[in-house]
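Trainee: Pasted the sequence and its predicted model underneath.
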Amino acid sequence: MLELRNINAGYDKRQVLNDVSIKIQPANLTVIMGPNGAGKSTLLKVMFGLLKPDSGEILLDDRPLRPEPSKLVHQGIFMIPQGKRVFRNMTVLENMELAGHFWKDRSVFKSRLEEVLEHFPDLKPRLEDLAGNLSGGQQQMVAIARGLLNRPRLMLLDEPSIGLSPKLMTDTFNKIKTIRDTLGTGFVIVEHNLKTLLPLTDDAYILDQGRVVYNGPAQSQTLEKMTASIFETKETLS
Ligand SMILES: Nc1ncnc2c1ncn2[C@@H]1O[C@H](COP(=O)(O)OP(=O)(O)O)[C@@H](O)[C@H]1O
Ligand SMILES: [Mg+2]
């Protein structure tokens, strides 16, 4: 559904993404991995219209798209930026209301909230609590739940694992997978290294120094070998 073709992008004179092509299949869990500085966040910014590429094409459902964040929400795409999950000084309910501010009808918000909270029973008793008082894992759930209120076809998550334990990360991924299975929402998840969670996902990309060096199924021996060579070599060296 969302496709990037031959994207070159960067900041001022510094090129970060080199000829990046990516195809996101509807209702799939797609992971984009890569070392720090590989250009993962830059890629998500391009997808969500926060950064204009220098060249290349973006297509939504095979039609050329000039992404703009405020329009994309209505086109069914929602992004949770790196490190920005919730408004900590607002209650969970107020965080949720931010997603629905453009609906004229309050009853639509209420029924959607009820529908979404079915997937997040832990949040139900916390609606009046300040979001900043929730655990990291719960804050992540608030961010995802807020996105789901818009019934997106695709959610873009930038490093959802930051600050979460491996166990919480696995729980989060299982939750994401359940949401995908029941609501049909596709997810693009950008992570540094997700090796242990790859069995839960469908498609994988590896980005290294702004180039796609792997593109294929998330479960493959080639991918295993590549993650070993890219991450383990770099991490032992650093
Ligand atoms: N706003 C910015 N201005 C200039 N350079 C940036 C900016 N954001 C990121 N960069 C640079 O672009 C490169 C890729 O960054 P980023 O996309 O954040 O990588 P990743 O998310 O994979 O860690 C890095 O070298 C980073 O320093
Ligand atoms: Mg990043």
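Mentor: Arrived safely, thanks for sending. Ligands and ions are numbered 1, 2, ... in the order given.

Trainee: gap between Asp12 and Leu134?
Mentor: According to Cβ to Cβ, to the nearest Å, Asp12 and Leu134 sit 38 Å apart. To be clear about C-beta, it is placed using only N, CA and C from the backbone, and glycine gets the same treatment.

Trainee: Between those two, point out the one with more neighbours.
Mentor: Leu134 (21 against 5; other Cβ atoms under 10 Å).

Trainee: I'd like the distance between the nearest residue to Ile162 once chain neighbours are set aside and Ser135.
Mentor: Of all residues not flanking Ile162 in the chain, Gly83 sits nearest, at 6.1 Å (Cβ to Cβ, 6 or more residues apart in numbering). Using Cβ to Cβ, Gly83 is found at 16 Å from Ser135.

Trainee: swap in Arg151?
Mentor: For Arg151, the distance to Ser135 equals 26 Å [Cβ to Cβ].

Trainee: Over to Val108?
Mentor: Look at Val108 and Ser135: by Cβ to Cβ, they are 30 Å apart.

Trainee: tell me what the lengthiest helix in the chain is packed against?
Mentor: Using DSSP state H to define each element, the chain has its longest helix at helix 166-183. Applying 3 or more Cβ pairs under 8 Å, 6 or more residues apart in numbering; DSSP states H and E, we find helix 166-183 packed against strand 29-33, helix 136-148, strand 186-191.

Trainee: Go through it and flag the buried ones.
Mentor: Neighbour counts over helix 166-183 (16 or more other Cβ atoms under 10 Å) mark 168-169, 172-173, 175-177, 179-180 as buried.

Trainee: same thing with stretch 150-162?
Mentor: For stretch 150-162, a neighbour-count test (16+ other Cβ under 10 Å) marks 150, 152-161 as buried.
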